[in-house]
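>>> only geometry, no sequence info:
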């Protein structure tokens, strides 16, 4: 079981414009349950502590569905994943490590969460990232085309968001799976250094890997199965997830 020294933060503030629904993205239904409910069931197998859920768009609907099973913080403006995690700082002050998960990743397993945490602890990393590697981007794997690419060079590990990637970088088959563990002290010291000089004009959490690399800080990765990394940003992608549910 996860101790009180670890805070689990779930990002659930997004609208999901392409879901053809007025509901928050994490409340899209998959196999009869909201996507975030699938995730929370796995989180509960790992920790007795209430996770922190970062809400935003129609926050009251997410709170109503999840009830008192979570601690809620509000991201008043959707300015990116880095900004979302920053909004959870106040309720994570006592944690020594922070695990960040995406509320629209319904298939990530409790085993993977444990593997991420163990890798992080035993390596004394500042950041541990879940990645997945595809054979190609055809068929159901086309979902991963828009994922950030893992760039490994000269011992450094970086994540380049798809919209900012060069044509050559977009050919990389190892992608960011969207689950991270951070050394909490390092996270809060460096999170405000993130800029928004990118195609989306957002504060990307993934920019922390660049900062860590520049500092020669310890970064580790954990390979997970592609199925566990699946998320849904559109109705079509949700239909792909239904095939794996």
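The structure has been received and is ready for your questions. Keep in mind the model is a prediction, meaning the values are calculated, not measured.

>>> tell me which strands and helices the longest helix belonging to the chain is in contact with?
Assignment by DSSP state H gives helix 110-123 as the longest helix of the chain. Applying 3 or more C-beta pairs under 8 Å, 6 or more residues apart in numbering; DSSP states H and E, we find helix 110-123 packed against helix 35-44, strand 97-102, strand 127-133, strand 174-183, strand 219-223. Every residue, glycine included, has its C-beta placed from N, CA and C.

>>> of all the ones you listed, which lies closest to residue 89?
strand 97-102 (9.1 Å; C-beta to C-beta).

>>> quick one: strands adjacent to the closest one?
Sheet pairing of strand 97-102 (DSSP bridges) gives strand 6-12 (parallel), strand 174-183 (antiparallel).

>>> Report the distance from that strand to the chain centre.
In terms of C-alpha atoms, centre = their mean, to the nearest Å, the centre of strand 97-102 is found 7 Å from the chain centre.

>>> start the count at 45, not 1, going forward
Happy to do that; since the first residue is 45 now, the last one works out to strand 141-146.

>>> what angle sits between it and helix 79-88?
150 degrees (axes from the mean of the first three to the mean of the last three C-alpha atoms, to 10 degrees).

>>> Helix 154-167 and strand 141-146, what's the angle between them?
Using the same axes, to 10 degrees: strand 141-146 against helix 154-167 is 150 degrees.

>>> Put together a markdown table for the helices and strands packed on helix 154-167, with distance to residue 163 and mean neighbour count on each row.
Putting the helices and strands packed on helix 154-167 into a markdown table (distance: least, C-beta to C-beta, whole Å; neighbours: other C-beta atoms under 10 Å) gives the following:
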| stretch | distance to residue 163 | mean neighbour count |
| --- | --- | --- |
| helix 79-88 | 17 | 21 |
| strand 141-146 | 12 | 23 |
| strand 171-177 | 5 | 23 |
| strand 218-227 | 8 | 24 |
| strand 263-267 | 5 | 18 |
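
>>> about what we covered before: of all the strands paired with strand 141-146, which one comes closest to residue 283?
Once the strands paired with strand 141-146 are compared by C-beta to C-beta, strand 218-227 is nearest, at 20.0 Å.

>>> Next, the angle strand 171-177 makes with that closest one.
Here strand 218-227 points in a direction 160 degrees away from that of strand 171-177 (the same axes, to 10 degrees).

>>> Counting by contacts, list what the next helix-or-strand element following strand 218-227 packs against.
Where DSSP states H and E defines the elements, the next helix or strand beyond strand 218-227 is helix 228-234. The helices and strands touching helix 228-234, judged by 3+ C-beta pairs under 8 Å, 6+ apart, are strand 141-146, helix 251-258.

>>> For the helix or strand bottoming out on mean pLDDT in the chain, name the packing helices and strands.
The weakest-scoring helix or strand in the chain, judged by mean pLDDT, DSSP states H and E, is helix 279-288 (a mean of 88). In terms of contacts (3+ C-beta pairs under 8 Å, 6+ apart), helix 279-288 is packed against strand 73-74.
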